[in-house]
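Engineer: I'd like to go over a predicted model; first the sequence, then the structure.
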Amino acid sequence: AQSVAQPEDQVNVAEGNPLTVKCTYSVSGNPYLFWYVQYPNRGLQFLLKYITGDNLVKGSYGFEAEFNKSQTSFHLKKPSALVSDSALYFCAVRGGNYQLIWGAGTKLIIKP
Amino acid sequence: GAGVSQSPRYKVAKRGQDVALRCDPISGHVSLFWYQQALGQGPEFLTYFQNEAQLDKSGLPSDRFFAERPEGSVSTLKIQRTQQEDSAVYLCASSLSSGRQGETQYFGPGTRLLVL
């Protein structure tokens, strides 16, 4: 069965420090991997995705993610965190059908 | 351009009432998805349309849930005889075409349903 795991409920980072939000997946076949961000009372905003090609994917707002096939991971990263990055982050995978399968989300808190 | 819009943004219903949630996808988008997001959890897939055809409704939790997209644009998710466990945020997403598995889904702001 296809699944996504986000092992951390919450990640705390000081402003200006690098951040990592972890995601691992389990799918049959080629994975199509996504990161979305959700601000309070707002919908999910697309950040980036991995389809094929380079393992390092660059996305919106300075975020990037590294696809690692051997570790079945797709961790979200940013070199220097901003207070405004504080939000809920979701990893999702789309396998052999049409739907997105989501992780439980990671709350990112950036402290000034 | 305009994104995905949903209405109402908030809905309070008494247990047993019927509700209808509307989604206006991005103009020209072929695919439309409904998801349910319970508090503190990731979204769960409900159903998928390609134009007016409902190709997958495997995620609908019971026969009280019904979705339609009669003209291949606006979609309505209807919940009959609402129960307290139906309380959640209902998210609508659309994508440009179909069959491309890496295609990005764009989400609306959601409808927060509270059943009392």
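Structural biologist: Alright, I've got the coordinates. Residues are numbered from 1 along each chain as shown, chains lettered A, B, ... in the order given.
Engineer: which residues of chain A score low on pLDDT?
Structural biologist: A:95-97 (pLDDT under 70).
Engineer: Check the secondary structure at the most centrally placed residue in chain B for me.
Structural biologist: Central residue of chain B (Cα atoms, centre = their mean): B:Trp34, 3.1 Å from the mean position. Of the three states, B:Trp34 takes strand under DSSP: H, G, I helix; E, B strand; the rest coil.
Engineer: Get me the contact residues on chain A for chain B.
Structural biologist: Counting by Cβ under 8 Å from any Cβ of the partner chain, the residues of chain A lying close to chain B are A:4, A:32, A:34, A:36, A:41-46, A:49, A:51-52, A:90, A:92, A:94-105. Any C-beta I mention is one placed from the backbone N, CA and C, and that applies to glycine too.
Engineer: Among those, name the buried ones.
Structural biologist: Neighbour counting by 16 or more other Cβ atoms under 10 Å in any protein chain shown classes A:4, A:32, A:34, A:36, A:43-46, A:49, A:51, A:90, A:92, A:94-95, A:98-105 among the residues of chain A next to chain B as buried.
Engineer: Could you count how many residues lie near residue 27?
Structural biologist: Since no chain was named, I'll use chain A. Applying other Cβ atoms under 10 Å in any protein chain shown, we find 18 other residues in the vicinity of A:Val27.
Engineer: Sorry, I should have been clearer: chain B.
Structural biologist: B:Ser27 has 9 nearby residues by other Cβ under 10 Å.
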